[in-house]
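Student: using only what follows, build the 3D model:
(one chain, ligands or ions: 2)
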Amino acid sequence: MSKCYDLNIDEVNQLLGKLSDKYIIYAPKRVFNGGRYALDDTVIYGEISKFEDIEFDKRTIFSIKEVLTPLSQTLFYFTEDEFKEAKIRDSRDILILGRACDLNSIKIQDQIFKENGGIEDYFYSRLRDKTYFVLMECNNQYDGCFCCSLGTNTTDIHDVGISFREDGAYVELENSFFHEYLTGFKPSSYEIQFPKENKLVVDYPHIDNEEEYNQLKIHPMWDEYEKRCIACGKCTVVCNTCTCFTTTDIYYNDNCNVGERRRTCSSCMLESFDKVAGGENFRKTTKDRYRFKILHKVYAHDARFHTGPMCVGCGLCDSDCPQLISYSATLEKINLALKEIRLEAKKEETDNA
Ligand code: SF4
Ligand code: SF4
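Tutor: Numbering: from 1, shown residues only. Ligands and ions are numbered 1, 2, ... in the order given. Presented below is the predicted three-dimensional model:
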């Protein structure tokens, strides 16, 4: 049975103060004048230490993944003879406050970085293994989000739930993990709620077999994206579940055998990312790359892990595309294309009978 407490702003700050001794805490945070245009603010996951730092009403523009896989990070330094692992910036454990869709995306990040091909990514795991989660109650409906269509509106990855309000917060313990931090605060009968419906309802496509997948790959539905998409990669950089990165060795000027290896967030939407050794590029056009991105989410991820789509319905991709290309609209187009493909297959079957 979960226990809930009712805290005013001072008490939330006391709690965050106590937690900060052991944890570096990340939550949605407003960056003043950090938006697309000069005087626009933005909201990202950032380090917080007090109630006033937390932007609990607005959705972030960038994803929760940046806490565990920063946009750019040095992995190690090397000389002619040896290498030295780059230190973790802060030795404390990590506590992340996020909404259900964001927290569910961590499970997909785990699949890619910890389970893919049976190889565990050391640099991901060294942060992930000391990370704990707090569920932020999501009361708002954001344009383009559709977690309820995917079942990512609920989660079990968190130890604590929190519902912020203008004058404080309800804090609900899911287990005994944070019990010691809440002793002495006023109990409450409040129950943290998961979102029950979204304005946007998406019928997430299901591709039945490889034959359908191959037919969909050559369907003319992808043609329009050749002109519309400018292949900027923004939708993948902000995406909660995309994980593409590139590694670069930076050599120091004084000695070209000394330097550091960096991992930088990248995107399958970029032409340079898709080039292989020798200069060949198997996804030459923008529509090839867009199709690859979408079908990876709709089909290929599930074909490998059997855990459903590589998407949590957060809608971040839709809200940030400079060309107003909508992922959920693309999904609807896939449904129409699949209908055609299935009708055609049935017709062929009847003709051959
Ligand atoms: S879909 Fe939009 S955000 Fe994504 S690469 Fe194309 S133009 Fe950029
Ligand atoms: S594809 Fe779009 S909706 Fe799905 S997880 Fe990525 S950003 Fe969110």
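Student: what does the stretch 101-250 of the chain have sitting close to ligand 1?
Tutor: Cys229, Ile230, Ala231, Cys232, Gly233, Lys234, Cys235 (CB under 6 Å from any ligand atom). C-betas here are computed from N, CA, C, even on glycine.
Student: buried ones only from the residues you listed, please, as a ChimeraX command.
Tutor: To isolate in ChimeraX the members of these that are buried, counting by 16 or more other CB atoms under 10 Å, one can use:
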select :229,231,233,234,235
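Student: contacting residues around Gly98?
Tutor: Ala27, Pro28, Tyr45, Ile64, Phe133, Val134, Leu135, Met136 (CB atoms under 8 Å, 6 or more residues apart in numbering).
Student: just the ones in strands from these, please.
Tutor: Secondary structure defined by DSSP state E assigns Ala27, Pro28, Tyr45, Phe133, Val134, Leu135, Met136 of the contacts of Gly98 to strands.
Student: tell me the two of those that are most distant?
Tutor: Maximum pairwise distance in these, criterion CB to CB, is 14.6 Å, between Tyr45 and Leu135.
Student: between those two, tell me which one has more neighbours.
Tutor: Leu135 (25 against 21; other CB atoms under 10 Å).
Student: counting by contacts, list what the host helix or strand of Val43 packs against.
Tutor: Under the criterion of DSSP states H and E, Val43 resides in strand 42-47. Applying 3 or more CB pairs under 8 Å, 6 or more residues apart in numbering; DSSP states H and E, we find strand 42-47 packed against strand 23-31.
Student: which residues are contacting the strand it packs on?
Tutor: 16, 19, 41-49, 53-56, 58-60, 64, 67, 90, 92-98, 132, 136.
Student: now with 6 Å, please.
Tutor: Residues outside strand 23-31 that contact it (CB atoms under 6 Å, 6 or more residues apart in numbering): 41-43, 45-48, 53-55, 60, 67, 90, 92-97.
Student: can you check stretch 56-71 too?
Tutor: Contacts with stretch 56-71, where a contact means CB under 6 Å, 6+ apart, come from 26, 28, 42-45, 96, 98, 102, 109, 127-128, 142, 164, 238, 240, 265.
Student: for it, buried residues please.
Tutor: Phe56, Arg59, Thr60, Ile61, Phe62, Ser63, Ile64, Lys65, Glu66, Val67, Leu68, Thr69.
Student: kindly reformat the residues you listed as CSV containing distance to Phe123 and secondary structure.
Tutor: Below are the buried residues of stretch 56-71 laid out as CSV (distance: CB to CB, whole Å; DSSP: H, G, I helix; E, B strand; the rest coil):
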residue, distance to Phe123, secondary structure
Phe56, 31, coil
Arg59, 28, coil
Thr60, 23, coil
Ile61, 25, coil
Phe62, 20, coil
Ser63, 18, coil
Ile64, 17, helix
Lys65, 14, helix
Glu66, 14, helix
Val67, 13, helix
Leu68, 9, coil
Thr69, 8, coil
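Student: any chance of these in TSV, with distance to Met221 and pLDDT too?
Tutor: Formatted as TSV, these follow (distance: CB to CB, whole Å; pLDDT from 0 to 100):
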residue	distance to Met221	pLDDT
Phe56	39	91
Arg59	29	89
Thr60	31	92
Ile61	28	90
Phe62	29	92
Ser63	27	95
Ile64	31	96
Lys65	29	97
Glu66	32	95
Val67	36	96
Leu68	34	97
Thr69	32	96
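Student: relative to Tyr252, which of these is nearest.
Tutor: Thr69 (25.1 Å).
Student: would you check how far apart the closest one and ligand 2 are?
Tutor: From Thr69 across to ligand 2, the span is 14 Å (CB to the nearest ligand atom, to the nearest Å).
Student: backbone phi and psi for that residue, please?
Tutor: phi -130, psi 80 (degrees, to the nearest 10).
Student: same check, this time on Leu150
Tutor: Per degrees, to the nearest 10, the backbone of Leu150 is at phi -110, psi 0.
Student: leaving out chain neighbours, which residue sits closest to it?
Tutor: Of all residues not flanking Leu150 in the chain, Gly313 sits nearest, at 4.4 Å (CB to CB, 6 or more residues apart in numbering).
Student: could you check how far the one you found is from ligand 1?
Tutor: To ligand 1, Gly313 is 17 Å away according to CB to the nearest ligand atom.
Student: what does Glu348 give?
Tutor: Counting by CB to the nearest ligand atom - Glu348 and ligand 1 are separated by 34 Å.
Student: so that residue: helix, strand or coil?
Tutor: helix (DSSP: H, G, I helix; E, B strand; the rest coil).
Student: what about it, how many neighbours?
Tutor: The number of residues near Glu348, taken as other CB under 10 Å, comes to 10.
Student: now do the helices in the stretch 51-200 of the chain.
Tutor: Using DSSP state H, counting those that start in this stretch, the helices assigned to the stretch 51-200 of the chain run over residues 100-110, 122-128, 147-150, 179-182.
Student: ranking these by burial, who's on top?
Tutor: helix 100-110 (a mean of 24; mean count of other CB atoms under 10 Å).
Student: got the domain ranges for the chain?
Tutor: The record's domain split for the chain, according to automatic domain parsing, is 3-68+87-188, 210-242+269-352.
Student: nice, that's everything, thank you.
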